[in-house]
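1. Structure, please.
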Amino acid sequence: GREVDGHPAVYVTTLLAPGATQPTGIAWMDTALLSARLYSGSVSPGGGPWKYTAPIAPAQAQSLVAAFNGGFKMADAEGGYVTQGKTVYPLRTGAASLVIDQDGSVTIGTWNEEVSMTPAVSDVRQNLVLLVDNGQITQAAQTANWQAWGATLHPGPSTWRSAVGITADGALLYAAGPALTPLELAELM
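-> Numbers count the residues shown, from 1 in each chain. From the prediction side, this is the model:
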């Protein structure tokens, strides 16, 4: 990926999860070199206008290193959305939450347990519940109730899925791939 101050800021590869049939793309992002920003979609979440929104302006794209989608549409995410100091959808206790502070740093955790609103928080995007917590696959990810991780267009748990996470040393991870179950995605993360 694009370098920052002469250093690689993103590494990408593909991995095959145990039991999976197709490889999944994984991006590792160096948070010491990068700063996160939440861009609101042109339609979802609504409530704009926003300073940071789709489409990304050419001037902003010059410093863009990586971009990924926000997961489920808000109607299906079972969570909230806060951006630029405005609550667009109320935050839900217990939801998996990607939290971006005003300095661009990112944390991920369960809302009102591991992460919460502070004066430093700029943006929060919530989506269902955690797949991995403190380096361990959650009980929820191991459940046979794969429908809890979103409806699929075909019968069965395997479908396109994506996840974002943080490594023990603070790097940001993003994974996306076809034919994944929630457990396979959790194993990759």
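2. which ones are touching the residue nearest to L91 when sequence neighbours are not counted?
-> The shortest distance from L91 to any non-neighbouring residue, by CB to CB, 6 or more residues apart in numbering, is to G80 (3.7 Å). C-beta coordinates here come from the backbone N, C-alpha and C atoms, glycine included. Neighbouring residues of G80 by CB atoms under 8 Å, 6 or more residues apart in numbering: T87, V88, Y89, P90, L91, R92, A95, V124, Q126.
3. hmm, try it at 7 Å
-> Residues in contact with G80, defined by CB atoms under 7 Å, 6 or more residues apart in numbering, are T87, Y89, P90, L91, R92, V124, Q126.
4. which helix of this structure spans the most residues?
-> Using DSSP state H, we find that the single longest helix of the chain is helix 182-188.
5. That helix - contacts with which helices or strands?
-> Contacting helix 182-188 under the criterion 3 or more CB pairs under 7 Å, 6 or more residues apart in numbering; DSSP states H and E are the following elements: helix 139-142.
6. Quick one: list the elements packing against the helix it packs on.
-> With 3+ CB pairs under 7 Å, 6+ apart as the test, helix 139-142 has helix 182-188 packed against it.
7. how far out from the middle of the chain is the helix it packs on?
-> 14 Å (CA atoms, centre = their mean, to the nearest Å).
8. when you give positions from now on, start the count at 22
-> I'll keep to 22 as the first residue from here, and by that count the last item is helix 203-209.
9. Contact partners for the residue nearest to L152 when sequence neighbours are not counted?
-> Nearest non-adjacent residue to L152, counting by CB to CB, 6+ apart: A207, 4.0 Å away. Taking CB under 7 Å, 6+ apart as the criterion, A207 is in contact with L152, V153, I158, A162.
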